[in-house]
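Participant: how would this look folded up:
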Amino acid sequence: MNGLVELEELAATAVAPVSGEACALENYLAQPDHTMDARIAAARAKLGTDVVLLGHHYQRDEVIRFADFTGDSYKLSKIAASTDARYILFCGVHFMAESADVLAKPWQQVILPDLNAGCSMADMAEIGQVEDCWDSLERLGVKNLMPLTYMNSAADIKAFCGERGGLVCTSSNARGAFEWAFERAEKILFLPDQHLGRNTAWAMGIPLDEMVVWDPYMLNGGTTPERLARAKVILWKGHCSVHQRFLPEHVDRVRREEPGMQVICHPECRWEVCQKADYLGSTERIIEIIEQAPEGSSFAIGTEIHLVNRLAARFAPLGKRVITLDDSGCLCTTMYRISPAHLAWSLENLVAGEVVNQIKVSDETKHWARVALDRMLEVKAATPVIRL
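Facilitator: Have a look, this model is predicted:
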């Protein structure tokens, strides 16, 4: 929002919904997005501090403008752990809401406005596959191994890591998490994003021939005992469908057509892309780099298009130019599922005393996932920007 005044003005124009069928989702989805603004503001005003809205950077503008807090997974998970709101309404994707529920106080309830807002990367590592992998690695003679999972994973994967001495990391603290793990084990099984794992290990001086990819759809992960014995990092074969689209030739085009423009890539991008970038960074780090840059700076950003467009608009008046690394624009389609209609529906149901789309993790899973997440919160958040 652009401040309390705008919120109050929107709320004053709202028409109260009728009871009964008005709280059915289909009645909201049939309306244009912009007609939800006043209703969202009015519901927010009625709920007051009983609800906190968390918005991930990749959310569409029409939704994130209502967020109390915006950030990446690391920042929002810390906020989720510290808030005293009765309801945590998470405008993100399923694994983020799960993590919020794991960290929430017993009396808090976490809501995801659209249950279809998932993550393709998280879906690439299912608990049965990971358990089979772990058993296979033991059978193949791999010892002194620690599992480490990216935040972009299901709660049961986080619990798997927590129960076996591992932890969770984000792109903000991945290197710190790797260092923590290597103090306690000789090898890491990193789930589920091979690119973040590879880029993090490489930045720590681990060569590519000491990393191996485990493909859950192939016998023995598609590798050999010899390769596993040599590897310090075993990378799960998963990726972000948005960041995987960025290619080395996109960086080459920027170098050719935009002399002097700096390239910043999210570490979920391919290793070959990151090797050509000027900087790597999480969404929070990308914002920080641009904030600290002098007037006249220009950047091509390799991350989700909603954040890139938002940064372009924010920094243009300050004399800084921001463009996407890929002209075709990389949209997180699952994050985009959450619309103003879903947000209004969730909030107005809360006003009516109904909790919809609650995300609730089972007690056993919550315990071990909490262990893994608590370990993450102890790891330093941001390492220095990598200059390649």
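Participant: CA only for contacts and neighbour counts going forward, please
Facilitator: Noted.
Participant: name the helices or strands packed onto the lengthiest helix in the chain?
Facilitator: The longest helix of the chain (DSSP state H) is helix 363-378. Packing contacts for helix 363-378, counted by 3 or more Cα pairs under 8 Å, 6 or more residues apart in numbering; DSSP states H and E, involve helix 94-103, helix 155-163, strand 167-169.
Participant: which residues does stretch 187-199 contact?
Facilitator: Residues from elsewhere that reach stretch 187-199 (Cα atoms under 8 Å, 6 or more residues apart in numbering): 121-122, 124-125, 143-150, 152-153, 171, 178, 181-182, 208, 211, 213, 231-240, 267-271, 274.
Participant: mind listing what the residue nearest to Ser136 when sequence neighbours are not counted touches?
Facilitator: Spatial nearest neighbour of Ser136, chain neighbours left out: Asn220 (6.7 Å); criterion: Cα to Cα, 6 or more residues apart in numbering. The neighbourhood of Asn220, defined by Cα under 8 Å, 6+ apart, consists of 133, 136, 214.
Participant: ok so, going back, report the inter-axis angle for the longest helix of the chain versus helix 94-103.
Facilitator: Per axes from the mean of the first three to the mean of the last three Cα atoms, to 10 degrees, the angle that helix 363-378 makes with helix 94-103 is 90 degrees.
Participant: just want the angle from helix 363-378 to helix 155-163.
Facilitator: For helix 363-378 against helix 155-163, the angle by the same axes, to 10 degrees is 70 degrees.
Participant: which of the residues in helix 363-378 are buried?
Facilitator: Neighbour counts over helix 363-378 (16 or more other Cα atoms under 10 Å) mark 365-377 as buried.
Participant: which residues touch it?
Facilitator: 78, 102-103, 155-163, 165-169, 177.
Participant: out of the helices and strands packed on helix 363-378, which one sits most buried?
Facilitator: Across these, averaging neighbours per residue (mean count of other Cα atoms under 10 Å) puts strand 167-169 on top, at a mean of 31.
Participant: could you dump the longest helix of the chain to CSV, C-alpha only?
Facilitator: The C-alpha trace of helix 363-378 is given here as CSV (Å, rounded to 0.1, in the frame of the first residue of the first chain):
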residue,chain,number,x,y,z
ASP,A,363,2.8,-32.8,14.6
GLU,A,364,5.5,-35.3,13.9
THR,A,365,6.6,-33.6,10.7
LYS,A,366,6.3,-30.2,12.3
HIS,A,367,8.7,-31.3,15.1
TRP,A,368,11.6,-32.4,12.9
ALA,A,369,11.0,-29.6,10.3
ARG,A,370,11.1,-27.1,13.2
VAL,A,371,14.5,-28.6,14.2
ALA,A,372,15.8,-28.1,10.7
LEU,A,373,14.4,-24.6,10.4
ASP,A,374,15.6,-23.5,13.8
ARG,A,375,19.1,-24.6,12.8
MET,A,376,18.7,-22.4,9.7
LEU,A,377,17.7,-19.4,11.7
GLU,A,378,21.0,-19.8,13.6
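Participant: output the below-cut-off pLDDT ranges for the chain.
Facilitator: Residues of the chain that meet the criterion pLDDT under 70 lie in 1-22, 329-330, 333, 335-336, 380-388.
Participant: okay, which residue is most central for it?
Facilitator: Nearest to the mean C-alpha position of the chain, by Cα atoms, centre = their mean, lies Ser73 at 4.6 Å.
Participant: now that one: how far from Pro192?
Facilitator: 15 Å (Cα to Cα, to the nearest Å).
Participant: again, but for Pro225
Facilitator: Distance from Pro225 to Pro192, by Cα to Cα: 21 Å.
Participant: ok, these two, which is more surrounded?
Facilitator: Shown here are Pro225 and Pro192; by other Cα atoms under 10 Å, Pro192 has more neighbours (28 against 14).
Participant: so which residues of the stretch 51-200 of the chain form helices?
Facilitator: Taking DSSP state H, counting those that start in this stretch as the test, the helices found in the stretch 51-200 of the chain are 61-64, 73-82, 94-103, 127-139, 155-163, 174-182, 194-203.
Participant: next SSE downstream of the last one?
Facilitator: Once the chain leaves helix 194-203, the next helix or strand it forms, by DSSP states H and E, is strand 211-214.
Participant: just checking: what are the partner strands of that following strand?
Facilitator: strand 233-236 (parallel) (DSSP bridges).
Participant: check contacts around Ala67.
Facilitator: Ala67 makes contact with 1, 52-55, according to Cα under 8 Å, 6+ apart.
Participant: got it, and Leu343?
Facilitator: 40, 63, 113 are the contacts of Leu343 under Cα under 8 Å, 6+ apart.
Participant: out of these, which is most surrounded?
Facilitator: Neighbour tally across these (other Cα under 10 Å): the maximum, 27 neighbours, falls on Pro113.
Participant: surely that residue touches Glu348?
Facilitator: No. With contact defined as Cα atoms under 8 Å, Pro113 does not reach Glu348; the gap is 11.5 Å.
Participant: out of the helices of the stretch 51-200 of the chain, which gets nearest to Glu291?
Facilitator: Among the helices of the stretch 51-200 of the chain, the nearest to Glu291 by Cα to Cα is helix 73-82 (17.8 Å).
Participant: quick one: work out the angle between that closest one and helix 94-103.
Facilitator: Counting by the same axes, to 10 degrees, helix 73-82 lies at 30 degrees to helix 94-103.
Participant: now helix 73-82: buried residues?
Facilitator: Residues of helix 73-82 classed as buried by neighbour count (16+ other Cα under 10 Å): 73-77, 79-81.
Participant: how about the residues you listed in JSON lines, adding distance to Met36?
Facilitator: Converted to JSON lines, these look like this (distance: Cα to Cα, whole Å):
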{"residue": "Ser73", "distance to Met36": "27"}
{"residue": "Tyr74", "distance to Met36": "29"}
{"residue": "Lys75", "distance to Met36": "28"}
{"residue": "Leu76", "distance to Met36": "25"}
{"residue": "Ser77", "distance to Met36": "27"}
{"residue": "Ile79", "distance to Met36": "26"}
{"residue": "Ala80", "distance to Met36": "25"}
{"residue": "Ala81", "distance to Met36": "29"}
